[in-house]
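Colleague: Sequence isn't available, so here's the structure alone:
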């Protein structure tokens, strides 16, 4: 791993812009800011401009004298100047380490591609504990305690997957190409059913909507307040709670909602008490009355009863992309959940030896060649073209909106051992609301959002 | 302002949990973490436990050798141990400072209540520049350049409000109780129409969905990528883009969407090209085919053509809360926008001298007594009861879910000068998706989310 700092110049420039923005927001000019932070005006100009690194002591002082937090002043580092990071299998192997559980060698871990721009924490993990049955109480099965990250798992070889939900232990016999999507903090573990063939997983953990700002706010508010935010995953109760939360947020009376929406008071009472389901036209009327979008009154609908979602290779859907007429890729759908509409796990098999369609998405992408032959990846970023080989075991991180194409050396490739990508795509921090907000800012404001460079008041 | 550090013990504990979580996520045990961060195992145990502050140099080292950012390791400070922060009018006055624009005294600023838990940056601002016409080009009118924060403005006295949108300058003659909600980066300014009566505003700026994680990610990705995230605020084009982005995210072909949804290929092509509007039943079919919730295919619908939303005191809606039968408060709706469904500005007039209903919401709240007489505020937090007086000009910050009630000294109060609250309520970082995710975690996981205290792998 790189022991030098990453993207220092960009980091300094963005940190300077953040400090300037914070002073702006608090209506402090340069002189007042310098005085309150205990530095000279010349120094603070150096910080604002990004010419000089801001010492940690200045951030601590700011968090002490101003109503903000250190983290508000610290930007993200961009470690991906070419738009893509490739980690080859040799580098991955050199990160190998064996972990014990209860005194037996249990897993071999290897890092694969990661970036500071995304919350992927993907590991290649080989199962070292071998079992000869499917008993979750087998003495060679050692459980973990679950973790905060969401986990998508892709299986290769004879792996047993064990998980616990509502106090019950389950085991699933997995085969190559099967996949699982699991919820945070579910205890789980893996073993091999034999030691004569490879048995490993790609454990692609990532942070969801609970990581970052939300987690920090919940932690600062403390458990008693945090608990009140939790909503049952049942879409029916979520819908009731959404309606109630909007009425409470606007401090409305039932009579006022009725008058605005032309839905009767009795009916509204019935709806907020969960005694009836609103029709779509009632939702439209209520949304208008509450001055919210219709989407704001519709629930998130998870679809993982029992904590996990399982897709067997043999049952999975497969299609040609971009179309049957232009069959550049064969795509197979892997496990996922409606709770994460922008998390998509795919197996992508390139079918062409040239001229394959470029693929682009707003998501962050993690790629791993799970096949037995190499492929070529091509992409374009900031007007430059790049090309890289992805050998078996090579992995890559791809920034949002980078058009990438993939070809094999000779097409058509044999199905079983063909080069193919395991792809996990996840949403970053820029959600639908933020995208619309970006588009509805005062024209020409984007650069200022990214790099505030002036005093505004 | 407090020059001592705030919530040091909680900050240390949460910072320790974050460092431990990061090591967990990267599958580093204590020994490996210590070695990679260049500290001893004893030191890292002190950091993990929160007994010892983590030096900035350790955070810098972590950001250099691990694929994460400094800000991922820094928690939020809780400066609100009693659930409410009150700033009295004397403290507010003592923060008074006069700012010039183009060499004339233009504004007197005063801070009001703020907290590190929320993005409110509320200021009391008196207009020092007096005009005798409504001409935006009057030489006493000096514009700002707009700012990133959203701004809700409440007007007191004869204030002129000027704003620019699409290159055109506008002026609005405001009266006491009028309010405005404006979009980021719109240039705007204020003057007084005379100097014989008070002319001031409460400028309640706050960070929306563009601040925090989203802003940092956009800034690190850089302008060319950031620009691609921006979506037109037109709900009709947003709906088309949402449908397309979900199809792209899942790398689906039109044929595959058609097969799953039973909507024909021709019709899907028509919809993604924006040549037709999907019916609600088509949206339901497409959502199921795309494995997303219906809400994910419905647009955000802003309602501020021209950049601002204006509510005149004389036109505004008023109702009794919680009901006409139990009229504890008279509530008046102020300016807002559907783009921010959980931002609600209200004027709340307490009508009782005792036994008023407690009000509670999941939002962060800012309160300011805009009346001419005091009121009493009562609240409960962590099993303790509190009481505070809110005199005219006093302001307060209230944490989410704190039940608060307000009474006047003698009821009924005279309408014109009566104690009444300007309330601005904003959503924090815990959105609907995060609330459902909280509720769908493995049972009993909340404490671990807030304070990871163990090695998990």
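Modeller: Perfect, thanks for sending it. Worth saying up front: this structure is predicted, and the values here are computed from it rather than measured. Numbering: from 1, shown residues only, chains lettered A, B, ... in the order given.

Colleague: How about residues contacting the lengthiest helix in chain A?
Modeller: Ranked by residue count under DSSP state H, the longest helix found in chain A is helix A:8-25. Under the contact criterion CB atoms under 8 Å, 6 or more residues apart in numbering or on different chains, helix A:8-25 has outside partners A:5, A:29-30, A:32-33, A:44, A:47-54, A:58, A:62, A:66, A:68, A:72-78, A:450-453, A:455-457, B:121, B:147-149, B:205, B:216, B:219-220. From N, CA and C alone the C-beta is placed, and that goes for glycine too.

Colleague: do that again at 6 Å, thanks
Modeller: A:33, A:47-50, A:53-54, A:68, A:73, A:75, A:77-78, A:451-452, A:456, B:121, B:219 (CB atoms under 6 Å, 6 or more residues apart in numbering or on different chains).

Colleague: and those residues, which are buried?
Modeller: Neighbour counting with 16 or more other CB atoms under 10 Å in any protein chain shown marks A:33, A:47-48, A:50, A:53-54, A:68, A:73, A:75, A:77-78, A:451-452, A:456, B:121, B:219 as buried within those.

Colleague: In helices, which of the contacts of helix A:8-25 fall?
Modeller: Members of the contacts of helix A:8-25 lying in helices (criterion: DSSP H): A:33, A:47-49, B:219.

Colleague: did I read that right, residue A:205 in a helix?
Modeller: No. Using DSSP: H, G, I helix; E, B strand; the rest coil, the assignment for residue A:205 is strand, not a helix.

Colleague: residue contacts, it?
Modeller: By CB under 6 Å, 6+ apart, residue A:205 lies in contact with A:121, A:149, A:151.

Colleague: What about the residues you listed, which are in strands?
Modeller: Counting by DSSP state E, the contacts of residue A:205 place A:121, A:151 in strands.

Colleague: Turn the contacts of residue A:205 into TSV, including distance to chain B and pLDDT.
Modeller: Listed next are these as TSV, based on distance: CB to the nearest CB, whole Å; pLDDT from 0 to 100:
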residue	distance to chain B	pLDDT
A:121	5	94
A:149	6	84
A:151	11	91
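
Colleague: Closest to residue A:210 out of the contacts of residue A:205?
Modeller: Residue A:210 lies nearest to residue A:149 out of those, by CB to CB, at 9.3 Å.

Colleague: Counting neighbours, what do you get for that closest one?
Modeller: Residues near residue A:149, counting by other CB atoms under 10 Å in any protein chain shown, number 24.

Colleague: And for residue A:353?
Modeller: Neighbour tally, residue A:353, other CB under 10 Å: 14.

Colleague: Now it: which helix or strand?
Modeller: Using DSSP states H and E, residue A:353 sits within no helix or strand.

Colleague: how close does the closest residue in space to residue A:185 that isn't next to it in sequence sit to residue B:451?
Modeller: Counting by CB to CB, 6 or more residues apart in numbering or on different chains, the nearest residue to residue A:185 once its immediate chain neighbours are dropped is residue B:445, at 3.5 Å. Computed as CB to CB, to the nearest Å, the residue B:445 to residue B:451 distance reads 11 Å.

Colleague: which residue does the stretch 1-150 of chain A bring closest to chain B?
Modeller: Among the residues of the stretch 1-150 of chain A, residue A:56 lies closest to chain B, at 3.2 Å counting by CB to the nearest CB.

Colleague: how about residue A:254, what does it touch?
Modeller: A:265, A:268.

Colleague: Can you list the buried residues in the helix or strand of chain A with the lowest mean pLDDT?
Modeller: Sorting the helices and strands of chain A by mean pLDDT, DSSP states H and E puts helix A:446-450 at the bottom, at a mean of 78. Going by neighbour count (16+ other CB under 10 Å), the buried part of helix A:446-450 is A:446, A:448-450.

Colleague: Which residues does it contact?
Modeller: With contact meaning CB under 6 Å, 6+ apart, helix A:446-450 is reached by B:148, B:218-219, B:223, B:226.

Colleague: same thing but 8 Å
Modeller: Helix A:446-450 is contacted from outside by A:17, A:438, A:441, A:454, B:148, B:184-185, B:210, B:215, B:218-219, B:222-223, B:226-227, B:230, using CB under 8 Å, 6+ apart.

Colleague: Which strand or helix spans the closest residue in space to residue A:431 that isn't next to it in sequence?
Modeller: In space, and not counting its chain neighbours, residue A:431 is closest to residue B:209: 6.9 Å by CB to CB, 6+ apart. For residue B:209, there is no host helix or strand (DSSP H and E).

Colleague: re the thing from before, now a PyMOL select for only the buried ones of the contacts of helix A:446-450.
Modeller: Of the contacts of helix A:446-450, the buried ones can be selected in PyMOL as follows, counting by 16+ other CB under 10 Å:
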select buried, (chain A and resi 17+438+441) or (chain B and resi 148+184+185+210+215+218+219+222+226+230)
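
Colleague: So of the contacts of helix A:446-450, which two are at opposite extremes in space?
Modeller: Going by CB to CB, the pair spanning these furthest: A:454 and B:230, at 21.2 Å.

Colleague: can you give me the helices for chain A?
Modeller: A:8-25, A:30-37, A:41-49, A:56-65, A:89-94, A:213-221, A:223-229, A:235-249, A:254-261, A:265-272, A:280-290, A:432-440, A:446-450.

Colleague: export those to JSON lines and tack on distance to residue A:193?
Modeller: Output for the helices of chain A, formatted as JSON lines (distance: least, CB to CB, whole Å):
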{"stretch": "helix A:8-25", "distance to residue A:193": "47"}
{"stretch": "helix A:30-37", "distance to residue A:193": "61"}
{"stretch": "helix A:41-49", "distance to residue A:193": "59"}
{"stretch": "helix A:56-65", "distance to residue A:193": "51"}
{"stretch": "helix A:89-94", "distance to residue A:193": "24"}
{"stretch": "helix A:213-221", "distance to residue A:193": "37"}
{"stretch": "helix A:223-229", "distance to residue A:193": "41"}
{"stretch": "helix A:235-249", "distance to residue A:193": "38"}
{"stretch": "helix A:254-261", "distance to residue A:193": "59"}
{"stretch": "helix A:265-272", "distance to residue A:193": "52"}
{"stretch": "helix A:280-290", "distance to residue A:193": "50"}
{"stretch": "helix A:432-440", "distance to residue A:193": "43"}
{"stretch": "helix A:446-450", "distance to residue A:193": "51"}
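
Colleague: among these, which is nearest residue A:164?
Modeller: Closest of those to residue A:164 is helix A:223-229, at 22.4 Å (criterion: CB to CB).

Colleague: average model confidence for that closest one?
Modeller: Here helix A:223-229 scores 92 as its mean pLDDT.

Colleague: cool, stretch A:18-31 as well?
Modeller: For stretch A:18-31, mean pLDDT rounds to 92.

Colleague: what's the spacing between residue A:433 and residue B:198?
Modeller: From residue A:433 over to residue B:198 the distance is 37 Å, taken as CB to CB.

Colleague: And residue A:396, by the same measure?
Modeller: Taken as CB to CB, the span from residue A:396 to residue B:198 is 62 Å.

Colleague: Between those two, tell me which one has more neighbours.
Modeller: residue A:396 (24 against 13).

Colleague: Show me where the stretch 251-400 of chain A has its strands.
Modeller: Ranges of strands within the stretch 251-400 of chain A are A:308-311, A:318-322, A:327-333, A:344-350, A:364-369, A:375-381, A:384-390, A:395-398, based on DSSP state E, counting those that start in this stretch.

Colleague: got TSV for those, with mean pLDDT too?
Modeller: Below are these laid out as TSV (pLDDT from 0 to 100):
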stretch	mean pLDDT
strand A:308-311	90
strand A:318-322	97
strand A:327-333	97
strand A:344-350	97
strand A:364-369	98
strand A:375-381	98
strand A:384-390	98
strand A:395-398	98
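
Colleague: Can you say which of these is nearest to residue A:116?
Modeller: So among the strands of the stretch 251-400 of chain A, strand A:395-398 is nearest, using CB to CB, at 9.7 Å.

Colleague: Flag every residue of the stretch 351-457 of chain A that's near chain B.
Modeller: By CB under 8 Å from any CB of the partner chain, the residues of the stretch 351-457 of chain A that approach chain B are A:359-363, A:382, A:399-401, A:423, A:425, A:428-452, A:454, A:456-457.
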